[in-house]
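Trainee: Give me a 3D structure for the following:
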Amino acid sequence: MSTDTRVLGIEGTAWAASAAVYDSGTEAVFIETDAYQPESGGIHPREAAEHMHEAIPKVVETALAHARETADRDDSEPPVDAVAFSRGPGLGPCLRIVGTAARALSGSLEVPLVGVNHMVAHLEIGRHFSGFASPVCLNASGANAHLLAYRNGRYRMLGETMDTGVGNAIDKFTRHVGWSHPGGPKVEAAAEDGEYVDLPYVVKGMDFSFSGIMSAAKAAYDEGVPVEDVCYSLQENIFAMLTEVAERALSLTGSDEFVLGGGVGQNDRLREMLAAMCDQRGARFYAPEARFLRDNAGMIAVLGATMYEAGDTLEIDASRVDPNFRPDEVPVSWREGEDVVVGHDGSTRIRGAEAVVDLEPERGRVSKRRLSKSYRHPDLDDRLRRERTTLEARLTSLARREGVPTPVVFDVDLAESTLEFEFVGETELRERLTREHVRAVGRHLATIHGAGFVHGDPTTRNVRVDDERAYLVDFGLGYHTDHVEDYAMDVHVFDGSLVGTADDPEPLCEAAREGYREVGDERVLERLADVETRGRYVDE
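Mentor: Got it, this is the predicted structure:
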């Protein structure tokens, strides 16, 4: 009699009606999928639910037949040990059909029920087959785009889209052009014959936004720019944004392992960029095979087996689906003691996300050089390095004039993208996370917002501290603005970095707000509350 764990998984969050069987002994994953294909436009929730209603029984029947045929068990035993299903995020009507099917199977087979977060499954399938211990993960799919890393019992959201998922953003452009769903493969094919044109590039710390680039792409197409050029430039900018924030997440956490998840991960150019970035900074990169990147029940079954073995099962009355089920809401019961250890190793050279920084405390100097990124298009790379070097020098000095502790700027070389600063602080904030220092950062952010600009990347790596002060450094993503939304995003980015580096981030996030309130506009914190409650999994 086999002692291996076998799990039946069911997936149906949006378009893919899928069932799978996973065997932990052989690592074999059998997947049966029936994908919904709209006749025109994007996914229609009612049509998707109708498809799910018809397709789920068929794919489950096929998977269950496979389970019975391959089971090395007595006939009296069920062919699987558990039934796992995707609880969310996704389209409510589709999720409810899947949940009903999973409960019925759990009851008829008399095996436990396991509820899986779809986005965590995207991460875990990469971690499972890569063998990585604690990687940072980029989930790039239709309705989602975010960065996750494990810390203190949960997957923490380090960065995410502030408007729409990456796949849906691309689909909005292809619908405008008149192409059918899915748009991603069509953009990838058209991009092969395109040339680069300038489009917006929006990165806010480890968050990012696609609305501006989509509007610009539609306008460019309407103005007669060849569609091949627009598609090529969309890929170059969107995927460079995702790769940049991925590198920022690696830098923040100290991890040297990176996995990709989600259907957009099937794009060759995105994988190429991420692999180049990881190679450049000495990190290991893993992308699962294509069948595990797109929506599939295989990843549900694999994570379901892991959760089952950890005793993480559900009672029927606690198995309701959740269309807005965020991955950072999931208690990660199957992992313990695997946090990435962050911190500076004491060397005088620091490798950040976009620059090499040489510390010379004995001279009271710091030199910083922005590195060329091989994954970015040369025109885009040159523009970003020049613009960010200019802004860093200008805004560092402006913040200092407003009374915020920053280093003195001694020299700037735009041609080489280098700066020379005063040496300040003793260490990075992430190594000395006290309420006093964090409260001071809140005050500093409120002060520069009152002066009409944002830092752009206020993370625990971009604040240096000593016993008395907290200094803001690295204003390269900053810009002038009078929008409350931009100020709220600045605070949101700082919150995200606390979540990614602190064992108990909530009191520190509150300390930052306390500091902000001392000198800042309460409307910013009111808008921050709105930013934090926006649904990232519901798209138009």
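
Trainee: pretty sure Val404 contacts His444?
Mentor: Yes. Val404 is within contact range of His444, at 4.7 Å (criterion: CB atoms under 8 Å). Any C-beta I mention is one placed from the backbone N, CA and C, and that applies to glycine too.

Trainee: Mutual contacts of these two, please.
Mentor: Leu472 (CB atoms under 8 Å, 6 or more residues apart in numbering).

Trainee: These two: who's more crowded?
Mentor: Set side by side, Val404 and His444 show more neighbours around His444, with 26 against 22, by other CB atoms under 10 Å.

Trainee: who touches the more buried one in this structure?
Mentor: Ala399, Val404, Pro405, Ala470, Leu472, Gly515 are the contacts of His444 under CB under 8 Å, 6+ apart.

Trainee: now Lys204
Mentor: Listed by CB under 8 Å, 6+ apart, the contact set of Lys204 reads Met162, Gly456, Asp457, Leu477, Met489, Asp490, Val493.

Trainee: if you set the cut-off to 10 Å instead, what comes out?
Mentor: Contacts for Lys204 (CB atoms under 10 Å, 6 or more residues apart in numbering) come out as 159, 162, 245, 454-457, 477, 479, 486, 489-490, 492-493, 496.

Trainee: How about Phe453?
Mentor: The contact partners of Phe453, by CB under 10 Å, 6+ apart, come to 391, 394-395, 398-399, 402, 475, 478-482, 486-487, 490.

Trainee: Pull out the buried residues from the least confident helix or strand in the chain by mean pLDDT.
Mentor: None of the helices or strands of the chain scores lower by mean pLDDT, DSSP states H and E than strand 349-351, at a mean of 83. Neighbour counts using 16 or more other CB atoms under 10 Å place Ile350 of strand 349-351 among the buried residues.

Trainee: Check which strands are paired with it and give the direction for each one.
Mentor: When pairs are called by DSSP bridges, strand 349-351 turns out to pair with strand 355-360 (antiparallel).

Trainee: Kindly export the strand it pairs with (C-alpha atoms) in CSV.
Mentor: Provided in CSV are the C-alpha atoms of strand 355-360 (Å, rounded to 0.1, in the frame of the first residue of the first chain):
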residue,chain,number,x,y,z
ALA,A,355,23.4,51.4,-8.2
VAL,A,356,26.7,50.5,-6.6
VAL,A,357,27.5,52.7,-3.6
ASP,A,358,31.0,53.0,-2.2
LEU,A,359,31.2,54.1,1.5
GLU,A,360,34.2,56.1,2.6
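
Trainee: what's the next secondary structure element after it?
Mentor: strand 365-370 (DSSP states H and E).

Trainee: Pretty sure Val116 sits in a helix.
Mentor: No. The assignment for Val116, made by DSSP: H, G, I helix; E, B strand; the rest coil, is strand rather than a helix.

Trainee: What is the burial count for it?
Mentor: 30.

Trainee: Any idea what it is bridged to?
Mentor: Beta-bridge partners of Val116, as defined by DSSP bridges: Ser86.

Trainee: what's it in contact with, if anything?
Mentor: Each residue near Val116 by CB under 10 Å, 6+ apart is listed here: 7, 9-11, 84-88, 102, 124, 297, 299-304, 306-307, 312, 325, 330.
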